[in-house]
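Student: kindly generate the corresponding structure for this input.
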Amino acid sequence: KHYTLTDEADPQWKQVMGDCNIKVTYALSPQAKGKIERPYGWLQDRLVRTCVRDNVTDIREGQRVLNYEVHRYNYKQVHSTTQEVPYFRFQRALEEKRSLFREFKVRPPFQSVKDIFCLRINRTIDPYRRISINNLQLKVNNATPRKIVTLRIYPFSNDISEVRFWCDDNLIDIQRVKNSDLRVVHF
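Tutor: Okay, here's the model as predicted:
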């Protein structure tokens, strides 16, 4: 039986990054990864301590504490590595044109953010121009039998998703499907 090894498959988030023209670079050592995660671990610890100290028992109260901490971190706290407040450092980088941030654009052949920020599944079109997802059969218009089609599933609501069918860099069909029928993932 044919199967894909874990290291050979790109996770969903990495596919999104590729569609956004962002190259993923992994930390070369656990120490490098820890250097990034340490401040966020400290922030998480601070959140927990603040919630306990203030006797926070409701999610809305917890959200208020989180919003306060994020604002304090971004606008008031001097960062331990850069020795600068993050907001002012970012503003200076923008003024000096040293920022790596750029305007988001949907690149061809894609037509919408629905084609980028979505769940992706590959299927082979059968001789009757259908595909199957968890026993749900969908007839695909404009499909060529035995071709591989990428389903880009975009959630509209808790109940409905839009399934966009891509084959050879062409959008060949769009269908709306109940999430309960898809049974792929809960959005």
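
Student: which residues does stretch 160-176 contact?
Tutor: For stretch 160-176, the surrounding residues in contact (C-beta atoms under 8 Å, 6 or more residues apart in numbering) are 109, 111, 114-115, 118, 125, 138, 140-144, 147-156, 177-179, 182, 187. Just so you know, the C-beta spots here come from the backbone N, C-alpha and C atoms, and that holds for glycine as well.

Student: can you pull the buried residues of that stretch?
Tutor: For stretch 160-176, the neighbour count (16 or more other C-beta atoms under 10 Å) marks Ser161, Glu162, Val163, Arg164, Phe165, Trp166, Cys167, Leu171, Ile172, Asp173 as buried.

Student: now the element after the helix or strand of the chain with the lowest mean pLDDT, going C-ward?
Tutor: The helix or strand of the chain with the lowest confidence, counting by mean pLDDT, DSSP states H and E, is helix 30-53 at a mean of 74. Beyond helix 30-53 in the direction of the C-terminus, DSSP states H and E gives the next helix or strand as helix 59-75.

Student: buried residues in that next one, which are they?
Tutor: Applying a neighbour-count criterion of 16+ other C-beta under 10 Å, one finds Gly62, Val65, Glu69, Tyr73 buried in helix 59-75.

Student: for that helix, packing partners?
Tutor: The contact analysis (3 or more C-beta pairs under 8 Å, 6 or more residues apart in numbering; DSSP states H and E) places helix 59-75 against helix 30-53, helix 86-95.

Student: which of the contacts of stretch 160-176 count as buried?
Tutor: With burial judged by 16+ other C-beta under 10 Å, the buried subset of these is 114-115, 118, 125, 138, 140, 143, 149-155, 177, 179, 182.

Student: phi, psi of the most centrally placed residue in the chain?
Tutor: With distances taken as C-alpha atoms, centre = their mean, the residue of the chain nearest its centroid is Trp13 (5.0 Å). In this entry, Trp13 is assigned phi and psi values of phi -60, psi -30 (degrees, to the nearest 10).
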